[in-house]
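Engineer: Everything below, folded, please.
(chains A and B)
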Protein chains: 2
Amino acid sequence: MLEAKKHQYSRQLNLEAVNIQDRYWSSYVDLIRNTVIPYQWEAINDRIPDAEPSHAIRNFRIAAGLEEGEFAGFVFQDTDLYKWLEAVGYSLAVKPDADLEKIADEAIRLIASAQQDDGYLNTYFAVAKPGKRWTNLTDCHEMYTAGHLIEAAVAYYQGTGKSELLDVATRFADHIDDKFGPEPGKMRGYDGHQELELALVKLYEATGNSRYLNLAGYLIDERGSEPNFLRAEWEERGRISHWAPGVVQQTPGLEYLQAHQPVREQTTAIGHAVRAVYMYTAMADLALHRGDASLLAACERLWNNLVHRQMYVTGSIGSTHHGEAFTFDYDLPNDTNYSETCASIGLIFFAHRMLQLKAKGEYGDVMERALYNTVTAGIAGDGKHYFYVNPMEVWPEASERNPGKHHVKAVRQKWYGCACCPPNVARILSSLAYYIFTSDENTLYTHLYIANETELELSGRKVRLRLDSGLPWKGEAKLTVAEAAGEGAFTLAMRVPGWSKTSAFSINGEKITPDIVDGYAYVSRDWRAGDVLAIELDMEPQRIYAHPHLRANAGRVALQRGPLVYCFEETDNGAPLASLTLPATSSIRPVHAEWRDGVVFLEMEGYRTEETELQESKLYRTDPYKRETRRLLAVPYTLWGNRNPGEMLVWIRESE
Amino acid sequence: MLEAKKHQYSRQLNLEAVNIQDRYWSSYVDLIRNTVIPYQWEAINDRIPDAEPSHAIRNFRIAAGLEEGEFAGFVFQDTDLYKWLEAVGYSLAVKPDADLEKIADEAIRLIASAQQDDGYLNTYFAVAKPGKRWTNLTDCHEMYTAGHLIEAAVAYYQGTGKSELLDVATRFADHIDDKFGPEPGKMRGYDGHQELELALVKLYEATGNSRYLNLAGYLIDERGSEPNFLRAEWEERGRISHWAPGVVQQTPGLEYLQAHQPVREQTTAIGHAVRAVYMYTAMADLALHRGDASLLAACERLWNNLVHRQMYVTGSIGSTHHGEAFTFDYDLPNDTNYSETCASIGLIFFAHRMLQLKAKGEYGDVMERALYNTVTAGIAGDGKHYFYVNPMEVWPEASERNPGKHHVKAVRQKWYGCACCPPNVARILSSLAYYIFTSDENTLYTHLYIANETELELSGRKVRLRLDSGLPWKGEAKLTVAEAAGEGAFTLAMRVPGWSKTSAFSINGEKITPDIVDGYAYVSRDWRAGDVLAIELDMEPQRIYAHPHLRANAGRVALQRGPLVYCFEETDNGAPLASLTLPATSSIRPVHAEWRDGVVFLEMEGYRTEETELQESKLYRTDPYKRETRRLLAVPYTLWGNRNPGEMLVWIRESE
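Structural biologist: Numbering: from 1, shown residues only, chains lettered A, B, ... in the order given. Below you'll find the predicted structure:
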């Protein structure tokens, strides 16, 4: 069954097969390689002054018996190191670096020396809770942590060919597989925080050992079924959470963990956002590898709810900081949202898997939206400051002085005690090449217009291609066939972004009208070296309106140009930004920013409350406030907060 | 010094001297007397099915040795009973009721039997924490609870002439005075929750014993001075709060308790809103009784910050539910505000004291705004359901499913575990007569246009007056001199509400143009029986605009007619209310509601997003949504939630 279905799907290319050379994205890739990976190594070694300590390396040293001390940090603190190693693995796949590899190898030896004889590996339980393994799957992230170990191991193995970490990971995976499953004598458990599932699929793909795919399948199938394992475990613990010792809980909070019903019956994105999208990713993985139609149908239902009811315009998800969670349909407040960077990364994972199941423009659109807007917003231009929360509007004084907005940071932070986001950004940007293309036997799908050179086999022909792209600033992109051995037709499929209202295509300069199916333009021919397939996208700035049920955006408009959503910053427009309006008739002009290379700002005529009116001391009055015209400037959301700190606003009021 | 200053000020009249007979307010007064007081007696006896229990009476029975059991409820649970008794005292002052008085007398005997030999009285410490008295003034509300005992005792004494509860209260006050003060050997402490201060002033006024005024003065003077008592106490407790056992706190949170600096140096309303306004009330009381100019100046500064920077248009305060507190200037979100009913009651206390210090229209305006809008919103038409939180807008599904809005109830509740608000509403509405007038030797000030008959002495003449009023529905009010013994001039001063843009005055039907000073119209003459002083107020519906710094209301407008702020309800206008706009040019027409007697709704032409547009499933799109004209209906905010549950909105978007 596994092999039978595989050919229907397109798969990602190997990292080393795609060499990114992009005016916009190379700077991010370089930033990760040259700055972020070294910086995060310092961070997980607790060597960043004035930043919250990670404790990650120290915990491993204690667990390995190399140092005396107590475990510190969260139960999932090991993942700081694992995610860093995963990013290193991706980076080394693309560009070898002997010094970095040496550091990483030492870290891997440290991890190996902390592994217990039976394969178990978790510094929190080893150091702080010996004998308490697997007693609180709901809260304590043991499988989650194992998942990140596996992802790191696969990435490092694929990036370097070295298998030491992969051996560690498979031993732990085997240990888990021995312990958990539907078979008599095993625990019928699964983790409170999904992550192991998608990691096991990667391990299966890397090793070919179906044991791991089956374990992933078990974890997904078992989740939320009755009798409910997590509810029973909670009862056994005396209804106490690890996170609130001494407090008897009213409910086990199964919705929060997406364990309230079997995954195939779930229709609404609910609970902790990162857990949700990591689970959906694994569901899509399993749908692909097992040709599981019911799982695919569940993925499609959940996708629709998530994307058409609960996603911010920047491709971020999770509208409340209470539990970093979804709330409900159309509840997308702008000033108290959570929109965790990690959740958008998980959304990209999910979209990427759905694309492999089916080339559908909407999957590519959402992947692009989350990547170009939220994920890169998560990291500062210097590579050393990060957002965990990505608000739609910020009033810095409220972030400081209104406790309901403390989670909304007006300035990127150096590090976080719960540092899931910074290394997550590093691992996705260092594996960016995975998200550009997928291919099946005969077709190369271009999902993201990120310039690169790639080699692959299509219809049995060895093909070398160059993708050029002006995005996100210019709408031209082209695929040039640099080499194509032999002959015979193959297909180049290009995503036609949902934001491009009129797209033009040409081959070698001659206009064509390709078939466009589900948001992808398909061009099949006997491609020859020198052939150029070009697409020209509509880069007119657009106004975005939200569904009327999304109450927070009533009367407001957001601006988008190409893949980028824009925002208004105080430094360009003055405060309060709430005083600005954008007339419905104003034309919106792209202008070159006198700032970073190539950056396009948007300029337009608008109104603001007259300056003199701000002096008035009365809180309420019966005379309307007078307004004056002024030039407004909008900047790409993803770059906000890189100049002077101040207010920020995505959804501006539209006036007539 | 005390007596020297007194004559400058006007004082409230005795309750029994003012007989309210008002078409609008009598129904509230009757509701309190006939329904609320009996209902709340059932509540504090835990006899309301499906409501959260009070435990109040039971705690007293346990403390008195009449019942076995454990203390239950909050540390300040005794105040449920005290506030009820205070309301009973006021009610009996106006209308004797032998059955009610018998029940109250029994309750008072219960209280007396729970008092300890040395005068101390608090069932929490007596039952749950013997030997721990006065060890945690920050958190445990001992003086706060004593304050409510004293207020109840004074009210019951004045209402019935019976002194048993007053004796209990004075014994406890004496005990506190023996224990606390600046003298050597006494504790230099004060309570975390202000309330005793204003109660002691009442006790001084009732008994003439300056010991209580001095103790109140000490508590106010000592608060926030260095060395800081509450910080030292917190250090001594190991930096642990009663409310979070086992959690070491970062700071003692002195701002929250208004104890971060001496009260005379405070300029900004900060911290827990009810504590703040109770403190400001006592400060104004002391400024009056002691002619203390520096305390008066502090009151004026705090008033200005509170009213011109931090007050909702409905006269509610406290913009965050985190600590039921103020946040900072202009931070008045509409959908997550707290706006506790009790805080508006405290604001009325403060305004009422400021009015006695100086007849200034703004004090009366704020008192009226809080009373007519928020306080009465706190109680349902049936007298048995209450709001603790008074939001500016409600989306019921968000209240259920967004944890950041759980405090915003879309429907009034039967009772609350922390039941400060319901009995607070009862005590203020049963003492409403206090807030209508104040007088000095020669002048009667009319602050609120609530119809009544009153008797008093002015310029040595015995005068009987009738106040007629059409408010809040009609703008005519008149003072008729029913009797006036002797002769000689006295002054009738009538508040000219800030909301009335053009007010007309007449005597016996002839137009006059009185001197208007600080929002009061003064008419002095040798008034004779039969003379009528009439005022006609402007009842044109008005649009209210918020200061541009109040970001949440940018582009929005609120409606007010007379003293009443209006709101839109789903039942009249459909959902989502966010889809509505009110054109700047629409005329707003008062219409008689087919509902309760006299109620005026407002009707206007507006727009809403076309019904068909609500079907569209996309979350974002580039085409603007079409709108259609429709009739909008606004209802008095104070009556919202008395028909079908649904959305509610005060600040509607204004379109061009």
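Engineer: mind checking the end-to-end distance for stretch A:246-259?
Structural biologist: 24 Å (C-alpha to C-alpha, to the nearest Å).
Engineer: To what extent is A:Ala297 buried, counted in neighbours?
Structural biologist: Neighbour count of A:Ala297, defined by other C-beta atoms under 10 Å in any protein chain shown: 12. (C-beta placed from N, C-alpha, C; glycine too.)
Engineer: Now do the SS call for it.
Structural biologist: Put simply, A:Ala297 is helix when judged by DSSP: H, G, I helix; E, B strand; the rest coil.
Engineer: can you tell me which residues contact it?
Structural biologist: Going by C-beta atoms under 8 Å, 6 or more residues apart in numbering or on different chains, A:Ala297 touches A:Arg264.
Engineer: try it again with 10 Å
Structural biologist: Residues counted as contacts of A:Ala297 (C-beta atoms under 10 Å, 6 or more residues apart in numbering or on different chains) are A:264, A:287.
Engineer: so which strand or helix has the most centrally placed residue in chain A?
Structural biologist: The structure's chain A has its C-alpha centroid closest to A:Ile345; by C-alpha atoms, centre = their mean the separation is 0.7 Å. Under the criterion of DSSP states H and E, A:Ile345 resides in helix A:341-357.
Engineer: and that helix with chain B, contact?
Structural biologist: No - using C-beta under 10 Å from any C-beta of the partner chain, helix A:341-357 never reaches chain B; the gap is at least 14.0 Å.
Engineer: packing partners for that helix?
Structural biologist: Here helix A:341-357 touches strand A:11-12, helix A:196-207, helix A:273-290, helix A:293-309, helix A:361-369, helix A:376-377, helix A:421-429, strand A:437-439, going by 3 or more C-beta pairs under 10 Å, 6 or more residues apart in numbering or on different chains; DSSP states H and E.
Engineer: neighbours around the residue nearest to A:Ala426 when sequence neighbours are not counted, how many?
Structural biologist: In this structure, A:Ala426 finds its nearest non-sequential neighbour in A:Ala87, 4.0 Å apart by C-beta to C-beta, 6 or more residues apart in numbering or on different chains. By the measure other C-beta under 10 Å, the count of residues near A:Ala87 is 29.
Engineer: Looking at the helices and strands packed on helix A:341-357, which is nearest to A:Gly224?
Structural biologist: Proximity to A:Gly224 (C-beta to C-beta) singles out helix A:273-290 among the helices and strands packed on helix A:341-357, at 10.1 Å.
Engineer: got the buried residues for the closest one?
Structural biologist: For helix A:273-290, a neighbour-count test (16 or more other C-beta atoms under 10 Å in any protein chain shown) marks A:273-290 as buried.
Engineer: For the residue nearest to A:Ala426, list the residues it contacts.
Structural biologist: So A:Ala87 contacts A:32-33, A:36-37, A:40, A:104, A:152, A:155-156, A:159, A:423-431 (C-beta under 10 Å, 6+ apart).
Engineer: Drop the exposed ones from the residues you listed and show what's left.
Structural biologist: Judged by 16+ other C-beta under 10 Å, buried ones among those: A:32-33, A:36-37, A:40, A:104, A:152, A:155-156, A:159, A:423-431.
Engineer: Next, count neighbours for A:Leu602.
Structural biologist: 21.
Engineer: quick one: A:Met604 and A:Ala584 touch, right?
Structural biologist: No - between A:Met604 and A:Ala584 there is no contact under C-beta atoms under 10 Å: 11.3 Å.
Engineer: Neighbour count for these two, which is higher?
Structural biologist: A:Met604 (18 against 12).
Engineer: ok, now how distant is the more buried one from A:Arg630?
Structural biologist: According to C-beta to C-beta, to the nearest Å, A:Met604 and A:Arg630 sit 10 Å apart.
Engineer: which bits of the stretch 401-550 of chain A sit near chain B?
Structural biologist: A:401-406, A:498-499, A:501, A:540, A:542-550.
Engineer: What sits closest to whatever residue of the stretch 351-500 of chain A ends up closest to chain B if chain neighbours are left out?
Structural biologist: Using C-beta to the nearest C-beta, the closest approach of the stretch 351-500 of chain A to chain B is made by A:Pro403 at 3.6 Å. With C-beta to C-beta, 6+ apart as the measure, B:His322 is the residue that lies nearest to A:Pro403, at 3.6 Å, once sequence neighbours are left out.
Engineer: Now do that neighbour: how many residues are near it, please.
Structural biologist: Using other C-beta under 10 Å: B:His322 sits among 14 other residues.
Engineer: try the one 4 residues further on
Structural biologist: The local packing count at B:Phe326 equals 28, with neighbours defined by other C-beta under 10 Å.
Engineer: Touching, it and B:Ser339? I think so.
Structural biologist: No - using C-beta under 10 Å, B:Phe326 is not in contact with B:Ser339; the gap is 11.1 Å.
Engineer: rewinding a little: among the residues of the stretch 401-550 of chain A next to chain B, name the buried ones.
Structural biologist: A:401-402, A:404-405, A:498-499, A:540, A:542-550.
Engineer: Among the residues you listed, name the ones in helices.
Structural biologist: Residues of these located in helices (DSSP state H): A:Arg401.
Engineer: what's the most distant pair in the buried ones among the residues of the stretch 401-550 of chain A next to chain B?
Structural biologist: So, these by C-beta to C-beta: farthest apart are A:Arg401 and A:Glu540, at 40.5 Å.
Engineer: Pull the contacting residues for the residue of the stretch 251-400 of chain A found nearest chain B.
Structural biologist: The minimum distance from the stretch 251-400 of chain A to chain B, using C-beta to the nearest C-beta, falls at A:His322 (3.6 Å). For A:His322, the contact set (C-beta under 10 Å, 6+ apart) comprises A:336, A:338, A:407, B:402-404, B:406.
Engineer: Which of those sits closest to A:Gly486?
Structural biologist: A:Tyr338 (52.2 Å).
Engineer: And what about that closest one, helix, strand or coil?
Structural biologist: With three-state DSSP as the criterion, A:Tyr338 reads coil.
Engineer: OK, contacts around it?
Structural biologist: By C-beta under 10 Å, 6+ apart, the contact set of A:Tyr338 is A:273, A:316-327, A:388-391, A:407-408.
Engineer: do the same with A:Ser617
Structural biologist: Applying C-beta under 10 Å, 6+ apart, the residues near A:Ser617 are B:304, B:308-309, B:547.
Engineer: Please report phi then psi for A:Met604.
Structural biologist: Dihedral pair for A:Met604: phi -160, psi 160, per degrees, to the nearest 10.
Engineer: ok, what's across the strand from it?
Structural biologist: A:Met604 has these beta-bridge partners by DSSP bridges: A:Leu632.
Engineer: swap in the one 5 residues further on?
Structural biologist: The partner list for A:Thr609 in beta bridges (DSSP bridges) reads A:Arg627.
Engineer: before we move on, the earlier item: now do the same contact list for the residue nearest to the centre of chain A.
Structural biologist: By C-beta under 10 Å, 6+ apart, A:Ile345 lies in contact with A:274, A:277-278, A:370-371, A:374-375, A:378, A:420-421, A:424-425, A:427-429.
Engineer: pLDDT-wise, what's the bottom of these?
Structural biologist: Confidence by pLDDT is poorest for A:Cys420 among these, given 66.
Engineer: Quick check: which element contains A:Val565?
Structural biologist: Short version, using DSSP H and E: A:Val565 is in strand A:564-569.
Engineer: neighbours around A:Asp331, how many?
Structural biologist: The number of residues near A:Asp331, taken as other C-beta under 10 Å, comes to 23.
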